[in-house]
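# Turn this into a model:
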Amino acid sequence: MIRSLNSFDLKDKRVLIRVDYNVPVENGVVKDAYRIQCSIPTIKECLEAGASVVLMSHLGRPNGSTNDNYSMISVGEVLSDFLEIPIKFSHDCINEDSINVTIGLHPGEVHLLENLRFHTGEEENDFEFSRLLSKHGQIFINDAFGTSHRSHASNVGVTDNFMHKGMGLLMEKEIQYLMHKFKKPKEPLVLLLGGAKISDKIDMIERFIIKAKSILIGGGMTFTFLKAMGLNVGKSMIDESMISTAKTIIKKARQNRVKIKLPVDFVVSDAIDKPSKIETVSFDSIPDNMIGLDIGPETIKLFSNIILQSGTVLWNGPMGVFEKKEFENGTKSIANLLSDMKDQNIDTIVGGGDSASAIRKFSDIENITHVSTGGGASLELLGGKNLPAIAALEKL
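So this is what the prediction gives:
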């Protein structure tokens, strides 16, 4: 049983929180602060309960050495704006100075540590590195769902040094919607899968192929399925190594009476960048010299009708190359549809990564039942895997 935040007496305690501030930063400016914003409720709850807070996170891949391009300083500026208070910052996460700053904190104060991955001990889950991190807190709270599929010092090793440990509000919400909710989802359950790789979603498909009523497949992974069915896909992306897997999935779906729906039309082009020719074609008429880059209007109608008859929709992966305006319509239409379904008693759950970015780009994220902050973590949890960081919180 994992302890929730409200089960602790936080007054006058130093709370060490693992957050996920691995956000895009360009020239010292945070370009997308969604993950920072998602951490604020947990931080504020601690502060309002009379605690001081120490925050630790990684940013990018500095490969165990100090690199100013991956400093948490810019993150700290955004965090301070969200909290509307000044925060303390240490240029190292485990040196004596940073630990002294933590020990000197007063209730209501926040201390942000420098990038964990400036030390090799983080990704190696090093015992000594974990021990030094633990000096920053009397209570450990993990609120970094996005890293919970990794066994690192800050989310696994550090827990061995705490008698009092638990999950933050964000982690609790992720577990509720991605684990508990799917033990008995509101039926009928519809999976909407996109993106390029079938391999990323195999475990999830295997788990839900006996639970879902329909599996709708769009995005780049579609063309491997079409190839498996003997159809021509032009110059579209396929994964030769997954063709036999695609055939197996189709067979299993038929055996379990699960409807797999593939696009009936596509937006195709001669190029992704600077296309000179764009047209909409039937699924069985993709020209040899063209690339499928989005689902077409008839597919949007087909998918939308099925989604509107669902009880629960799980969406993971975009319908096309939505970063390009010419090929955004499929993903944009799905995002808007899910947002518009708020009052229809349908649970709309969006996996992390690109589909979460699409929701934020095209529609009102507040209208979605749950949008995950984890990419790989959400895929693994939905695939039925035990995540190391969650298991570490359960361990006595």
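# Over to Met217: give its phi and psi.
Careful, residue 217 is Ile and not Met. Phi and psi for Ile217, reported as degrees, to the nearest 10, are phi -120, psi 120.
# in this protein, which spans are helices?
With helices called from DSSP state H, the chain shows them at 34-48, 73-83, 96-103, 127-134, 169-175, 202-208, 222-228, 243-255, 297-308, 329-340, 354-362, 376-382, 388-394.
# so which of those comes closest to Ser57?
Of all the helices of the chain, helix 73-83 sits nearest to Ser57, with 7.5 Å by C-beta to C-beta. Every residue, glycine included, has its C-beta placed from N, CA and C.
# what is the orientation angle of that closest one with helix 34-48?
Following axes from the mean of the first three to the mean of the last three C-alpha atoms, to 10 degrees, one obtains 60 degrees for the angle between helix 73-83 and helix 34-48.
# Quick one: mean pLDDT for helix 73-83?
What helix 73-83 shows for mean pLDDT is 97.
# Mind giving me the packing neighbours of that helix?
Contact partners of helix 73-83 among helices and strands, from 3 or more C-beta pairs under 8 Å, 6 or more residues apart in numbering; DSSP states H and E: strand 29-30, helix 34-48, strand 110-113.
# if we can go back for a sec, quick one: closest of the helices of the chain to Lys261.
Using C-beta to C-beta as the measure, helix 297-308 is the one of these that comes nearest Lys261, at 6.6 Å.
# tell me what the closest one is packed against?
Helix 297-308 is packed against strand 189-193, strand 214-217, strand 259-261, strand 265-269, helix 329-340, with contacts defined by 3+ C-beta pairs under 8 Å, 6+ apart.
# now those in JSON lines, with distance to Thr348?
Output for the helices and strands packed on helix 297-308, formatted as JSON lines (distance: least, C-beta to C-beta, whole Å):
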{"stretch": "strand 189-193", "distance to Thr348": "10"}
{"stretch": "strand 214-217", "distance to Thr348": "14"}
{"stretch": "strand 259-261", "distance to Thr348": "18"}
{"stretch": "strand 265-269", "distance to Thr348": "24"}
{"stretch": "helix 329-340", "distance to Thr348": "5"}
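# Would you mind saying which of these lies nearest Gly104?
Nearest to Gly104 among the helices and strands packed on helix 297-308 is helix 329-340 (46.0 Å), distances taken as C-beta to C-beta.
# How far does that closest one sit from its chain's centre?
When distances are taken as C-alpha atoms, centre = their mean, to the nearest Å, helix 329-340 is centred 18 Å away from the chain's centroid.
# Name the residues that touch that helix?
Applying C-beta atoms under 8 Å, 6 or more residues apart in numbering, the external contacts of helix 329-340 come out as 192, 194, 218, 267, 294-297, 299-300, 303-304, 307-308, 313, 315, 318-320, 322, 348, 350, 355, 358-359, 361-365, 367-368.
# Give me the buried entries from the residues you listed.
Using 16 or more other C-beta atoms under 10 Å as the burial test, the contacts of helix 329-340 include 192, 194, 218, 267, 294-296, 299-300, 303-304, 307, 313, 315, 318-320, 322, 348, 350, 355, 358-359, 362-363, 368 as buried.
# which residues touch Asp126?
When contacts are counted by C-beta under 8 Å, 6+ apart, Asp126 touches Thr120, Ala153, Gly157.
# The closest residue to the first one other than its chain neighbours: neighbour count?
Across the structure, with C-beta to C-beta, 6 or more residues apart in numbering as the measure, the residue nearest Thr120 apart from its sequence neighbours is Gly64 (3.6 Å). Here the count is done by other C-beta atoms under 10 Å, and Gly64 has 14 residues near it.
# next one: the one 3 residues further on
The number of residues packed near Asn67 is 15, by other C-beta under 10 Å.
# Over to Ser285?
Per other C-beta under 10 Å, the neighbour tally for Ser285 reads 13.
# Bridged to the nearest residue to Ile85 once chain neighbours are set aside, which residues?
Among residues not flanking Ile85 along the chain, Val110 sits closest, at 6.9 Å (C-beta to C-beta, 6+ apart). Counting by DSSP bridges, Val110 forms beta bridges with Val53.
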